[in-house]
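Colleague: have a look at this prediction, sequence included:
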Amino acid sequence: MNDAASLLDVLHGHKKIILTGHSDPDGDCLGAIAGLYFLLQGKHGRVTGIIEGPVPDRLSFLLPSEILVINPEEELPEVEADLAIVVDSGDMKRLGRVGEMIEGLEIINIDHHPDNENFGDINLVDAKASSACEILGLLLQDNIHLPPRVMQAWGAGILYDTGGLRHPNTRTQTLELLACWMGKGLKLHLLQERLFGRNSRASFGLYQEALRGLDFSREGRIAWTVIRQEIGKPSPREVTQKVIDEIRGIEGVEVAILFVDQGERTKVSFRSRNFPVNVIASLWGGGGHVRAAGVTREEKFEEVFPEILSAVEEKLDEWNN
Ligand code: AMP
Ligand code: MN
Ligand code: MN
């Protein structure tokens, strides 16, 4: 059976399905889940969408209200299922606690991370694809009718992971897919506006905090900053892309690092022009793409900061020589 056929089989089948993706979801992850949910909902089987949050306000328009968002401390619901569809996740650890719910189930793994561990029974993995949403679009667009809201969800995921079609993961197929969907009524400019053109005042406060903390090392080839995550403040995910893209764009910067100080835990995002930041993230069990990677450390910011900065400095020096 080819890849499209195995997915179509599931879409038309009678299985009870858990649909999920990585914790702290981004636009690609949410778009992929939303589009699949719309296709599966109301079919012969039963589908439960579940994800470990938070879902940033900026992206909440993507998520159907039926999808359960759990927080890391919350008790997991009992869900009966035969099959799990996992999107945008290189391994099972990325699912957070939802991983426990799908242990032992048949798994379909749909992803574009180069370090994907092929943990599924069916692995629809393509590291050249811009996004999980692009993989889904390319697999299914010639085989089934995609309702407008599916094209909107997957279009948003593609725009999110390509930074609005500006990153080098934007390829011919990416644009062809979007062009085809535009021909069918997808309003790309409205999606761009929703994803990148609006900021709440509270999220702009996070952006200001990040710019105030901006610092450099290695003659400006490394730039970094920190945002403190606090209850009552918006999720730092609201501004991750904006902050780190702006910082990476500063002339002379090769590697940009954004630390999110979550108290006992620190989330680290890396972006680069060319330097392989996935190698850095993998030093502590994280991962991602060559130019966009991340890791979560179960330690305080003050503890991880010097270690991470010196590791980046050292690897960048080696890479330059
Ligand atoms: P972020 O900086 O959180 O937007 O993530 C950038 C890229 O790194 C994405 O492709 C993520 O999938 C990947 N990534 C982020 N955090 C982790 C992690 N803890 N483990 C593996 N990959 C990660
Ligand atoms: Mn993602
Ligand atoms: Mn992705």
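Modeller: Received it, and whenever you're ready, just let me know what you need. Ligands and ions are numbered 1, 2, ... in the order given.

Colleague: what's the spacing between Gln241 and ligand 3?
Modeller: As for Gln241, its distance to ligand 3 is 12 Å (criterion: C-beta to the ion, to the nearest Å). Where you see a C-beta, it was placed from the backbone N, CA and C, and this is true even at glycine.

Colleague: next, that residue: secondary structure please.
Modeller: helix (DSSP: H, G, I helix; E, B strand; the rest coil).

Colleague: burial count for it?
Modeller: Gln241 has 22 neighbouring residues, counting by other C-beta atoms under 10 Å.

Colleague: which residues does Leu258 contact?
Modeller: Residues in contact with Leu258 (C-beta atoms under 8 Å, 6 or more residues apart in numbering) are Ala210, Trp224, Thr225, Val226, Ile227, Thr240, Val243, Ile244, Ile247, Val268, Ser269.

Colleague: closest one of those residues to ligand 1?
Modeller: Ser269 (3.0 Å; C-beta to the nearest ligand atom).

Colleague: pretty sure that closest one belongs to a strand, no?
Modeller: Yes. According to three-state DSSP, Ser269 belongs to a strand.

Colleague: which one among the contacts of Leu258 sits at the bottom for pLDDT?
Modeller: Least confident of the contacts of Leu258 in the model: Thr240, at 89.

Colleague: dump the contacts of Leu258 to TSV, plus neighbour count.
Modeller: As requested, the contacts of Leu258 are exported to TSV (neighbours: other C-beta atoms under 10 Å):
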residue	neighbour count
Ala210	23
Trp224	23
Thr225	18
Val226	20
Ile227	22
Thr240	22
Val243	24
Ile244	23
Ile247	21
Val268	24
Ser269	23
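
Colleague: filter these down to the ones near ligand 1?
Modeller: Thr240, Ser269 (C-beta under 6 Å from any ligand atom).

Colleague: is it possible to get a markdown table of the contacts of Leu258 that adds distance to Leu177?
Modeller: Converted to a markdown table, the contacts of Leu258 look like this (distance: C-beta to C-beta, whole Å):
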| residue | distance to Leu177 |
| --- | --- |
| Ala210 | 33 |
| Trp224 | 35 |
| Thr225 | 34 |
| Val226 | 37 |
| Ile227 | 33 |
| Thr240 | 25 |
| Val243 | 28 |
| Ile244 | 26 |
| Ile247 | 30 |
| Val268 | 32 |
| Ser269 | 27 |
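
Colleague: and which of the contacts of Leu258 is nearest to Arg194?
Modeller: For these, the residue nearest Arg194 by C-beta to C-beta is Thr240; the value is 16.5 Å.

Colleague: what pairs with the closest residue to that closest one other than its chain neighbours across the strands?
Modeller: Spatial nearest neighbour of Thr240, chain neighbours left out: Ser269 (5.7 Å); criterion: C-beta to C-beta, 6 or more residues apart in numbering. Ser269 has the following beta-bridge partners by DSSP bridges: Leu258, Gly294.

Colleague: my read: Ser269 touches Ile257, true?
Modeller: Yes. With contact defined as C-beta atoms under 8 Å, Ser269 and Ile257 form a contacting pair (7.2 Å).

Colleague: quick check: which ranges of this protein have low pLDDT?
Modeller: The chain contains residues with pLDDT under 70 at 1.

Colleague: pull out the buried residues from the helix of greatest length in it.
Modeller: Longest helix in the chain by number of residues (criterion: DSSP state H): helix 301-320. Residues Phe301, Val304, Phe305, Ile308, Leu309, Val312, Lys315, Leu316 are the ones in helix 301-320 that count as buried (16 or more other C-beta atoms under 10 Å).

Colleague: again, but for stretch 70-77
Modeller: Ile70.

Colleague: what about it, start to end distance?
Modeller: 9 Å (C-alpha to C-alpha, to the nearest Å).

Colleague: pull the residues that contact that stretch.
Modeller: Residues contacting stretch 70-77 (C-beta under 8 Å, 6+ apart): Ser23, Ile50, Ile51, Glu52, Gly53, Pro54, Leu68, Gly96, Arg97, Val98, Glu100, Met101.

Colleague: wasn't the last one part of a helix?
Modeller: Right, Met101. Yes. Counting by three-state DSSP, Met101 is part of a helix.

Colleague: follow-up on the earlier one: mind listing which of the contacts of stretch 70-77 are in helices?
Modeller: Counting by DSSP H, the contacts of stretch 70-77 place Val98, Glu100, Met101 in helices.

Colleague: could you check how far the closest residue to the second one other than its chain neighbours is from ligand 1?
Modeller: Translated: Glu100. With C-beta to C-beta, 6+ apart as the criterion, Glu100 has its nearest non-adjacent residue at 6.5 Å, and that residue is Leu76. Leu76 is 20 Å from ligand 1, where distance means C-beta to the nearest ligand atom, to the nearest Å.

Colleague: helix, strand or coil: sort out Leu76 for me.
Modeller: Going by three-state DSSP: Leu76 is coil.
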